[in-house]
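# Okay, structure incoming, though there's no sequence with it:
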Ligand code: SF4
C-alpha cells in the first residue's frame, strides 16, 4: 500500500483527546542511561539532588558493567547569597573529575528540578567551563528536569543542545539522528552502502572527534520519534528533515530506508535489491511471533513518544487492535507518516490526566496495557496484563533484524498470562 492510499483510511485526520493533568512518567534524566552507552567519551554530570542520584543508580545501576560515565553533583539547599559558592563548587568538581578521567572529551552538565539547581545558570557555567577546559573537553548543558521533560525528552534536549556546536559543511550527506545501539546503526549503514550511499553519518557520534558536520545539503532521518526539538535545531542549521514512518517492523524499516535513499538519489531498483532479502527474513520471523498477537487488543499509556509508530507496527504487521494510543506529545511533523498508516479506530490521546486514563484503561480491559513501572503493578493486581514501556526504550527494536524481537516483547506478557490462567483456571 502506498502512503497516499493509506492516508484515506488512517488516523492522520482523527481527533485527538488532549489531557493536561497529573502524569506518571519518568523525568528526562533517564535518557542518560542509553546516551552514556552510545557516546563513549562523554560524561554526564547531573547537577541535582539525592533523589536524582537515586533515580540514576536504580535505573542504570543494574546495567553498568564498565566504569560509569555519569555522576551526580549533589546541591544542598542554598540561598541566593550561596550561589557564588555553588558555582565555585561546581568548577572544583569538574576540575577534579577531568583530572581523574583524562579520557573525557565531552562533558554534559545536566540540570534537574530542585529549586537550588534552577537558581544556578548552567548555560553560563557550561560556557565558563568550556573556555577553561577547551580544546580537550567541550562542556554543554541541557535539562533533564522532571518539570520540563518526560523521560525520552532528555535525549532530545541533549541533542538539541549539541546541534549548534556541530561543525558546518556544504557537503551532500544523509544524517541519521538518534542514539541507536551500535549493532543497529551498523546494520543501517551497511544497507545504505548497498544502495550506493557514500556519505551517511550518525548523530550523536560514538566519539566526540567523529561529531558530524551539518549544513544546507544535509538531509536527515530521525531514528526516534521523540526528537522534535533536535529536528528544529538541525533545521536552523539549514538541514532538511525527511518525514518517514519510523523503522519498526519490516514495513516501517523499508519505508524509512527508502525515504533516505531516494532523497539521496538512489534508484528504486537498487533500493529494492538491497532491502528485499532482509525484509523477507523479517516478515518470516514476524509471522511466527504475530500468531500470538493477532486479534489481541492493546492500550498505550503515554510514556516514550514511541507509542504511535509502535501501534502502527502492531496493528499492520502483527494484527493487534489498538484501543487507545496515548503519547506525551503528538508532533505531526514527526509522526505524521505513522499516523497516516495507523488504521482508524483507536482513541488518540495526547498528554495525561492519569486518573481519567486509568478509568478508560479499566473500562477497555485490553489484552495488553503498555504503561510505566508505577502503574503496572496496580493494573496487574486488577487482572490486566501489562508491558513496561521503559523496556521498549532500552531494547534494540529498530530495523529488519530486530522486527521479530520487537513483536516478541509484546507477545511474552500475553503468553505468561496464558500460562498463569492455565495453572489457575
Ligand atoms: Fe526527581 Fe527532578 Fe531529579 Fe528527575 S530531575 S530525579 S524528577 S528531582
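Ah, there it is. All values derive from a computational prediction rather than experimental measurement.
# Need the three-state assignment for the nearest residue to residue 107 once chain neighbours are set aside.
Once flanking residues are discounted, residue 107 sits nearest to residue 139: 4.7 Å by C-beta to C-beta, 6 or more residues apart in numbering. (Each C-beta comes from the backbone N, C-alpha and C, glycine too.) The three-state assignment at residue 139 reads strand, by DSSP: H, G, I helix; E, B strand; the rest coil.
# my guess is residue 139 contacts residue 133, does it?
Yes: if you go by C-beta atoms under 8 Å, residue 139 and residue 133 touch, sitting 6.4 Å apart.
# Need the residues touching each of those two.
Jointly contacting residue 139 and residue 133 under the rule C-beta atoms under 8 Å, 6 or more residues apart in numbering are 94, 107.
# Now the stretch 101-250 of the chain against the ligand: closest residue?
Shortest the stretch 101-250 of the chain-to-the ligand distance, computed as C-beta to the nearest ligand atom: residue-wise this is residue 146, at 2.6 Å.
# how close does the nearest residue to that residue once chain neighbours are set aside get to residue 324?
Among residues not flanking residue 146 along the chain, residue 27 sits closest, at 3.2 Å (C-beta to C-beta, 6+ apart). According to C-beta to C-beta, to the nearest Å, residue 27 and residue 324 sit 24 Å apart.
# quick check: longest helix of this protein.
helix 268-290 (DSSP state H).
# give me phi/psi at the closest residue to residue 273 other than its chain neighbours?
Excluding its sequence neighbours, the residue lying closest to residue 273 (C-beta to C-beta, 6+ apart) is residue 194, at 7.7 Å. Main-chain dihedrals, residue 194, degrees, to the nearest 10: phi -60, psi -30.
# about what we covered before: ok, how many other residues are close to the residue of the stretch 101-250 of the chain closest to the ligand?
20 (other C-beta atoms under 10 Å).
# Tell me who's in contact with it.
26-29, 112-113.
# what does stretch 228-245 rub up against?
In contact with stretch 228-245 (C-beta under 8 Å, 6+ apart) are residues 153, 156-157, 159-160, 163-164, 166, 168, 175, 177, 214-216, 218-222, 251-252, 255-256, 258-260, 263, 309, 312, 329, 331, 333-334, 336-338, 341.
# Select from the residues you listed every entry located in helices.
Per DSSP H, the subset of the contacts of stretch 228-245 in helices is 153, 156-157, 159-160, 251-252, 255-256, 258-260, 263, 309, 312, 333-334, 336-338, 341.
# which among those residues end up buried?
153, 156-157, 159-160, 251-252, 255-256, 258-260, 263, 309, 312, 334, 336-338, 341 (16 or more other C-beta atoms under 10 Å).
# coming back round to it: just checking, the residue nearest to residue 273 touches residue 272?
No: the pair residue 194 / residue 272 is not scored as a contact, 11.1 Å apart, by C-beta under 8 Å.
# And those two? Which one has more around it.
More neighbours surround residue 194 than the other of residue 194 and residue 272, with 16 against 13 (other C-beta under 10 Å).
# which bits of this structure sit near the ligand?
Neighbours of the ligand within the chain, by C-beta under 6 Å from any ligand atom: 27, 29, 48-49, 51-52, 55, 112-114, 144-146.
# Could I get these in CSV, plus columns for pLDDT?
CSV is the format used below for the residues of the chain next to the ligand (pLDDT from 0 to 100):
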residue, pLDDT
27, 88
29, 90
48, 87
49, 85
51, 86
52, 87
55, 83
112, 90
113, 87
114, 78
144, 91
145, 89
146, 86
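# Just the ones of those residues in strands?
Taking DSSP state E, the ones among these that sit in strands are residue 48.
# Filter the residues of the chain next to the ligand down to the buried ones.
Buried, going by 16+ other C-beta under 10 Å: 27, 29, 48-49, 51-52, 55, 112-114, 144-146, out of the residues of the chain next to the ligand.
# just how off-centre is stretch 405-420 within its chain?
Distance, stretch centre to chain centre, for stretch 405-420: 23 Å (C-alpha atoms, centre = their mean, to the nearest Å).
# Show me what counts as buried in it.
For stretch 405-420, by 16+ other C-beta under 10 Å, it's 406-411, 413-414, 417.
# do the same with stretch 116-134
Here stretch 116-134 shows 116-117, 120, 122, 125-126, 128-130, 133 as buried, counting by 16+ other C-beta under 10 Å.
# re earlier: tell me the one of the buried residues of stretch 405-420 nearest residue 207?
residue 406 (28.3 Å; C-beta to C-beta).
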